[in-house]
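S.K.: fold the stuff below for me.
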Amino acid sequence: MRKNLFIVAIATLVVCSCGSSKQASTPSKSIATGPEAKVKEWQADGYKIDGTRTMYDKLVAHYAQTDANPNLIEVEGSGIGSEKSEARLYCLNAAAIQYATAARSVVAGGISREFSNFTESGTKLMGAYTQKVQEAITPFLKESVAVYRNTTQNGKNVIEYDIYYIVDETKVAQVRKDAMEQALKETATEQIFGTAVDKWVKEFVKPMEE
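M.R.: Residues are numbered from 1 along each chain as shown. Here you go, the predicted model:
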């Protein structure tokens, strides 16, 4: 009798063990990454896209372009307006500000490392340089992916855009150089910084680090 009970107990343990093993090995749901994740994020936030191509198609093409050419960088701009054209204009301006701010950071970091004291002259130079870059970079911001949604702001119906632009750094190096030359003259800091800033102006700007 005891022998039979022992055999039943062993069989029960084996069945429970197998059941637990099957339950533990059940694969978990896959997590979306890359373009799929970004598209899901946009769709969850109510964004749509113009044209005949899907969000996914546009985003894949965008990634393929930037991945294939290390000289291409992306800059994001967001904007809200009563009409699409107005919202797009705000996006372009926001992207220009973002790029100019990033360009400033590169040069300001170099000046801080090179000179023991980041004087008031350096602050003035960086302010002028940022403004000049912002004004000149706009034509070089090439729209790549644009999504929009209808929303409300202060009780009014508005359109919100989120746009990714592409900039070819090999084409805008001269833009930054010209901006710095103008800024040096405007702030009368040529004698202080001279050509020392050239090497930082030539460095690639990366507003959106991965």
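S.K.: how close does residue 108 sit to residue 44?
M.R.: Separation of residue 108 from residue 44 (C-beta to C-beta, to the nearest Å) stands at 37 Å. (Glycine included, C-beta is placed from N, CA and C.)
S.K.: ok, residue 197 next?
M.R.: Here the distance between residue 197 and residue 44 works out to 44 Å (C-beta to C-beta).
S.K.: of residue 108 and residue 44, who's got more company?
M.R.: A count of neighbours by other C-beta atoms under 10 Å puts residue 108 above the other of residue 108 and residue 44, at 19 against 8.
S.K.: scan this structure for its longest helix.
M.R.: Longest among the helix segments of the chain by residue count, using DSSP state H, is helix 84-114.
S.K.: quick one: list the elements packing against it.
M.R.: strand 72-81, helix 120-137, strand 142-153, strand 156-168, helix 198-201 (3 or more C-beta pairs under 8 Å, 6 or more residues apart in numbering; DSSP states H and E).
S.K.: quick one: closest of those to residue 49.
M.R.: strand 142-153 (5.1 Å; C-beta to C-beta).
S.K.: list the buried residues of the helix or strand harbouring residue 64.
M.R.: Under the criterion DSSP states H and E, the helix or strand holding residue 64 is helix 55-68. By neighbour count, with 16 or more other C-beta atoms under 10 Å as the criterion, the buried positions of helix 55-68 are 55, 58-60, 62-63, 66.
S.K.: let's verify residue 174: helix, strand, or coil?
M.R.: Secondary structure for residue 174, judged by DSSP: H, G, I helix; E, B strand; the rest coil, is helix.
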